[in-house]
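Enquirer: Sequence and predicted structure are below.
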There are 2 protein chains.
Amino acid sequence: MNIGQAADASGVSAKMIRYYEQIGLIRPPTRTDSNYRVYGSDEVHVLRFIRRSRTLGFSIEETSALLALWQDKTRASGEVREIASEHISALETKIAELESMVGTLKHLVHCCQGDNRPDCPILDDLAGTHSKTKGH
Amino acid sequence: MNIGQAADASGVSAKMIRYYEQIGLIRPPTRTDSNYRVYGSDEVHVLRFIRRSRTLGFSIEETSALLALWQDKTRASGEVREIASEHISALETKIAELESMVGTLKHLVHCCQGDNRPDCPILDDLAGTHSKTKGH
DNA sequence: CTTGACCTTACCATGATGGGAAGGTCTATC
DNA sequence: GATAGACCTTCCCATCATGGTAAGGTCAAG
């Protein structure tokens, strides 16, 4: 299987497959006489694993750790759970930040009449010119 | 005021101030004979505006638009509200995505016993080997 | 006049991905 | 067997916003 077919089969672009190889996330595959990369179903399986992990928001580094644990027959699933739990915490922190931003913005939009008057609470807040909405 | 003082006063690093100048977000300030950038309270005000906008998650491009509206005396606040509303939508989409990830991961962590047995639902899900948790 | 804190520009790095160029290879069709 | 087109290879560049570092100039205090 060439890299294009492996890309189609795994959902990981050929570009990314080469990149993952370059940074050491996956092992260099065998090559044909004409230097083409050759992949089998095992490699496609690994690529799918990586893709799913990335989809769930794990970084390459985290994915690398999960991949190692997946391939380690003597692994402890506790380690996996720890990585996942930490990732959940990070995601929840991020969500809280975004929700805070949304809350502030919604309040501002609500105060902003949206007509043509030059007074705009959103801009005023951004400029920090008064403190009406600042404490929000 | 030198760039360092402007940085302290605005909360934007000197590095970023130069960058914002380079990409045209802010205007080049006057310089001293020895080529030092000189800032006044107006520039600091602009920098604070930018900082607040960035804190709220607006991109540089959006910040640039908001800044232009802020400095445009004939602006319509409706435009501002539109930018903010679109930004809220984008943030909410992002939040939903993250929450979906968290949901999947929590389910997996819940299923994963965290002991030393080599069976780990999280890795199984990532690998896509069975469909027990896949439809989640 | 030296020291140290500041400033200047210029370049490199991040993380994960896409784009493109220049050149080699394979396959199908004529 | 030649040619076209689809594929592969490596290498370099761009993103986005930010940080770092290095080499050199400037300023103020002691």
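Expert: Now that the structure is in, tell me what you want to look at. Numbering: from 1, shown residues only, chains lettered A, B, ... in the order given.
Enquirer: ok, which stretches of chain A are helices?
Expert: A:3-10, A:14-22, A:41-55, A:60-71, A:77-111, A:121-127 (DSSP state H).
Enquirer: Now residue A:2: closest residue in space, sequence neighbours ignored.
Expert: residue A:36 (5.9 Å; C-beta to C-beta, 6 or more residues apart in numbering or on different chains). From N, CA and C alone the C-beta is placed, and that goes for glycine too.
Enquirer: next one: residue A:5
Expert: Distances taken as C-beta to C-beta, 6+ apart put residue A:39 closest to residue A:5, at 7.6 Å, once the chain neighbours are dropped.
Enquirer: List the contacts of the one you found.
Expert: Neighbour list for residue A:39: A:1-3, A:5-6, A:29 [criterion: C-beta atoms under 8 Å, 6 or more residues apart in numbering or on different chains].
Enquirer: try residue A:12
Expert: Counted by C-beta under 8 Å, 6+ apart, residue A:12 has contacts A:6, A:20, A:47-48, A:50-51.
Enquirer: are any of the contacts of residue A:39 buried, and which?
Expert: A:1, A:3, A:6, A:29 (16 or more other C-beta atoms under 10 Å in any protein chain shown).
Enquirer: residues in chain A within reach of DNA strand D, list them.
Expert: Residues of chain A found near DNA strand D (C-beta under 7 Å from any atom of the strand) are A:2-5, A:14, A:18, A:35-37.
Enquirer: rewinding a little: and the residue nearest to residue A:2, how close does it get to residue B:92?
Expert: Remark: distance between residue A:36 and residue B:92 (C-beta to C-beta, to the nearest Å) = 45 Å.
Enquirer: So between those two, which is more surrounded?
Expert: residue B:92 (14 against 11; other C-beta atoms under 10 Å in any protein chain shown).
Enquirer: who are the neighbours in contact with the residue lying closest to the more buried one once chain neighbours are set aside?
Expert: In this structure, residue B:92 finds its nearest non-sequential neighbour in residue A:102, 6.3 Å apart by C-beta to C-beta, 6+ apart. Going by C-beta under 8 Å, 6+ apart, residue A:102 touches B:88, B:91-92, B:95.
Enquirer: Now, of those, which are buried?
Expert: Buried members of the contacts of residue A:102, counted by 16+ other C-beta under 10 Å: B:88, B:91, B:95.
Enquirer: Redo those as JSON lines? Include pLDDT.
Expert: Formatted as JSON lines, the buried ones among the contacts of residue A:102 follow (pLDDT from 0 to 100):
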{"residue": "B:88", "pLDDT": "86"}
{"residue": "B:91", "pLDDT": "85"}
{"residue": "B:95", "pLDDT": "87"}
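Enquirer: and which of these is nearest to DNA strand D?
Expert: Distance to DNA strand D across those (C-beta to the nearest atom of the strand) is lowest for residue B:91, with 14.2 Å.
Enquirer: roughly how far apart are the closest one and residue B:98?
Expert: 11 Å.
Enquirer: so what sits against both of the two?
Expert: Residues touching both residue B:91 and residue B:98 by C-beta under 8 Å, 6+ apart: residue A:98.
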